[in-house]
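Colleague: Provide a 3D model corresponding to the input given below.
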Amino acid sequence: MDIKLTGTHLPHKIIHPLHSQHQLKLQLDGYWDFVCDKCFYISSGSRYNCSSCDFNLDLSCAGPSANYDPLPEEAEWRRKKTIQHYSHYDKLSLFKYRKTKLEADYDCSWCEKRLLDSDVCYGCIEHGFFLHEVCSNKIPRTLVHPFHPLHPLRLHYIDITNYCHACKEIPVSTVSPSYVCQLCSFCLDFGCAKLLPTLKHKGHNHILTFFRKVDTYGQLKHFRCSVCDKICDASFYRCVQCDFNLHLQCLAVSSHAKHKYHKHPLILMDPIKEDDSGEYYCDVCEKERNPNHPVYYCEKCKYIVHIECIFHEENMISSEEVQSSAPQFMDSKEMEHNEWTHDIHSSRQPLYLPLIHEHSLSYSEYGVTGYCHGCRQILSGPRYICRSCPAVYLHEKCVKLRYEIQHPFHSTHPLYLYATRPYGTGYITCDECRDISSGFIYLCEKCNFKLDVKCALTSVSKPKHDRMGRVTESHHFTHPHKLTLGNSSDPIREIECSICELPIKGPAYFCPSCTDYILHESCLGLPQNMLQVPFHPDHMLVMSSKPYSYTEKSHCFACRLDFDRLGDLANYFGYSCDQCDVKLHSICANSLRRSLKHESHLHNLYYFGANSQILFARNRRVPATFQCSKCQDNCKGRPFYRCLQCDINFHLECFPLPLAVESRCHIHPLALKESFIEDHSGEYYCDVCEEERFNNDHVYCCGECNNRFVAHIECVLPKVETVLSYLDPHERKKSPIYEIPDSGPRQRVSRGAPYARIARPRGRGFKSLFMRR
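Modeller: Numbers count the residues shown, from 1 in each chain. From the prediction side, this is the model:
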């Protein structure tokens, strides 16, 4: 469909029966190819798209004349729309091929043959990686290659500093994996693993392999001819084991030749494709040839011959001398048996296991306390440590994990070990325990079923936890994609919420596709428009995502800290007023919805609790004015009350805040607690206002009711009848409520018991201090 003719008549948005849950938007910038979710053909040009679900429709399939009833085979295709294949980092889409551009065709990345019209294929359009459906099952996971016959090789993603020993280039590890030797540092990238030695030269002991590599300047600086010592051209022969290279000229390959099986002279020519069949053969040996390699060619008869077939005849080299050297495929059990035979898992020896870690690992019977990098469990017994990477420790059993397992939790397909994220950059959850995993995982590449190591090492399924009616998938207005429920409990990696920037422990919603986008369950429920802000009642505050600028910095109206991204995201989230220059962190906006009116001060006071203190601890530019107006100590590191209009602050003890009270909101006395968690639901509410509360903020609780009555400070104090005791300001220095480090690695939070029964403080200076304007 020609968009130049019809683009002005197409609706900008449509609701389509195949994707009725969201509107589809018209995209006219059709530079990139895509797969139509109706016909499953690869397409180009304009389309209708749902960015949240990655749903695309070709214009012809989205039109009113299109048939909306999916055929049975289309329903099956839709079910297996994408797969995670072990040969590529990103997911591959299932599609039917058709040529979309006149100047370009797609080739299979394994067999290197052209994709033909209506071929069923898998592909990653972004990286130009495609596989015939039949080739997707032919790629070996393990092999013994003639370039490295001593040890078996495994297909795996490696550190980008490792180079391929065949072509001496650094593999693009984010696209395709490499074949790696577990016993030494030998590596073959995905392309070179398909090369085979084919030419026998009397001047060298090994069979030579044809290489065709072209860089920007048409030469390869890594290779010099072993005869003339000049830099090799784009086409040359090479022995990988000996690093022996030969120009075609130095190999004595002439530009003209004759063969006994053909009467006409043959000319050495660049690569030739005599037709579009996708299959090309040598007319002498009748074996398949690579259409990208030079050949001898007869212009009269279209007779085509391998260079090797002409060379072997001219040099009287028999076929017995050129032995078959095709890679030998191995299954995982045979592979692991060979590795054990080579003492790869023998204790007390340094190990180089590129599938597990990029550096050598050293054995240690004792060491510092911590957590295993693989299973995320507490270290115990012998372990392996990396001398190059701090805090990388592995249990001995995690070093010996098998590469492939059959597990009763998923008995239909094998699971494969991944020491790094197998695809994309999003978070990964274990399908058994729902924990968000940053350690090793076992993955089914056909079903995308995942197990972390702790669940993979058990065969007894644990009862599923009650999720308190939580939805497993949701959307948020700050993100275009669907979010998935998981549990954040990693003891090594501290995961921060993308909105409030605070650490997440417990239920969380994350995007499996995007870079580290994850939210607290409470932040998922934050409103887009906030109305109830006492100090800004005239205008609405709206949450938005804005790009962070190092030149145009702004600060939060409440805490005075800059909107400084602590993570890697380029945007920051916060509430702002479109009519005033008022901006708030989401933490501050949510905390300041409740104000405290005290008789000793004219204005409302606002509580800055533990969440605010974490924000202060990570921001080195905390204003110097954040001092307690009573004791003159810095408020950083301790909850406090603040008057936004007077810009004064008070520790809870200096306020003074009652420790125990009798209030009209409850029949029993209430005691102040620094925090209270009544259950593991992740949702906590005030029993007076029935609004949600932070579980680490100060609250009043009823001990006689077994702490079943919990209320905000701001809800209890206005209804106080009798103050039974106050916080003691002298206890603060003896047992701090919070000790948060200014920088460095995360440390355990120290919590004390700063409460004592004392009389109400008296004196002129105290009340006059609170009356400051």
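
Colleague: which residues of the stretch 651-773 of the chain fall in helices?
Modeller: In the stretch 651-773 of the chain, the helices defined using DSSP state H, counting those that start in this stretch lie at 713-716, 764-770.

Colleague: worst mean pLDDT among these?
Modeller: Note on the helices of the stretch 651-773 of the chain: helix 764-770 shows the lowest mean pLDDT, a mean of 31.

Colleague: and P11, how far from G63?
Modeller: Applying CB to CB, to the nearest Å, the value for P11 to G63 is 11 Å. (C-beta placed from N, C-alpha, C; glycine too.)

Colleague: among those two, which residue is more densely surrounded?
Modeller: G63 (14 against 11; other CB atoms under 10 Å).

Colleague: could you check the pLDDT of that one?
Modeller: 74.

Colleague: ditto for the one 10 residues further on
Modeller: The predicted local confidence for E73 comes out at a pLDDT of 55.

Colleague: i'd like the first residue to be 42 from this point on
Modeller: Got it, the first residue is 42 from now on, which makes the last one we talked about E114.

Colleague: could you list the buried residues of stretch 729-742?
Modeller: Neighbour-count burial for stretch 729-742 flags 729, 734-742 (criterion: 16 or more other CB atoms under 10 Å).

Colleague: other residues contacting it?
Modeller: 563, 566, 632, 634-635, 648, 650-652, 680, 693, 698, 702, 704, 706, 711-718, 724-727, 748, 750-754, 756-757 (CB atoms under 8 Å, 6 or more residues apart in numbering).

Colleague: what is the burial count for K137?
Modeller: Neighbour count of K137, defined by other CB under 10 Å: 17.

Colleague: revised request: answer the last question for F490.
Modeller: 18.

Colleague: for the nearest residue to it once chain neighbours are set aside, what are its contacts?
Modeller: In space, F490 comes closest to H451 once its chain neighbours are excluded; the distance is 4.7 Å by CB to CB, 6 or more residues apart in numbering. Taking CB under 8 Å, 6+ apart, we find H451 in contact with 485, 488, 490, 492.

Colleague: isn't the second one up against S452?
Modeller: No - counting by CB atoms under 8 Å, C488 does not reach S452; the two are 11.4 Å apart.

Colleague: picking up where we left off before, in strands, which of the contacts of H451 fall?
Modeller: Within these, residues falling in strands by DSSP state E are L492.

Colleague: how long is stretch 132-152 end to end?
Modeller: The straight-line separation of the ends of stretch 132-152 (CA to CA, to the nearest Å) is 20 Å.

Colleague: in it, what counts as buried?
Modeller: Those would be 132-138, 141, 147-152, for stretch 132-152 by 16+ other CB under 10 Å.

Colleague: show me the shaky parts of the stretch 492-641 of the chain.
Modeller: 502-510, 556, 572-573, 587-594, 604-613 (pLDDT under 70).

Colleague: quick one, helices of it?
Modeller: Secondary structure of the stretch 492-641 of the chain by DSSP H, counting those that start in this stretch: the helices cover 494-497, 562-565, 627-632.

Colleague: so what's the residue count around L711?
Modeller: 26.

Colleague: check contacts around it.
Modeller: 701-704, 741-743, 750, 752, 757.

Colleague: adding distance to H639, write these out as a markdown table.
Modeller: Shown next, in a markdown table, are the contacts of L711 (distance: CB to CB, whole Å):
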| residue | distance to H639 |
| --- | --- |
| A701 | 18 |
| V702 | 14 |
| E703 | 18 |
| S704 | 15 |
| Y741 | 16 |
| C742 | 21 |
| C743 | 23 |
| F750 | 23 |
| A752 | 17 |
| V757 | 13 |
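
Colleague: and the residues you listed, which is closest to P190?
Modeller: C742 (72.0 Å; CB to CB).

Colleague: what sits opposite the closest one in the beta ladder?
Modeller: For C742, the residues forming beta bridges with it (DSSP bridges) are A712, V751.

Colleague: any figure for the gap between it and Y682?
Modeller: For C742, the distance to Y682 - CB to CB - is 20 Å.

Colleague: then Y138?
Modeller: 67 Å.

Colleague: tell me where the stretch 292-441 of the chain is predicted with low confidence.
Modeller: Checking the stretch 292-441 of the chain against pLDDT under 70 turns up 355-391, 393, 395-396, 408-409.

Colleague: neighbours of the nearest residue to H709 once chain neighbours are set aside, how many?
Modeller: Nearest in space to H709, with sequence neighbours left out and distances taken as CB to CB, 6+ apart, is E745 at 4.3 Å. Burial of E745 is recorded as 13 neighbouring residues (other CB under 10 Å).
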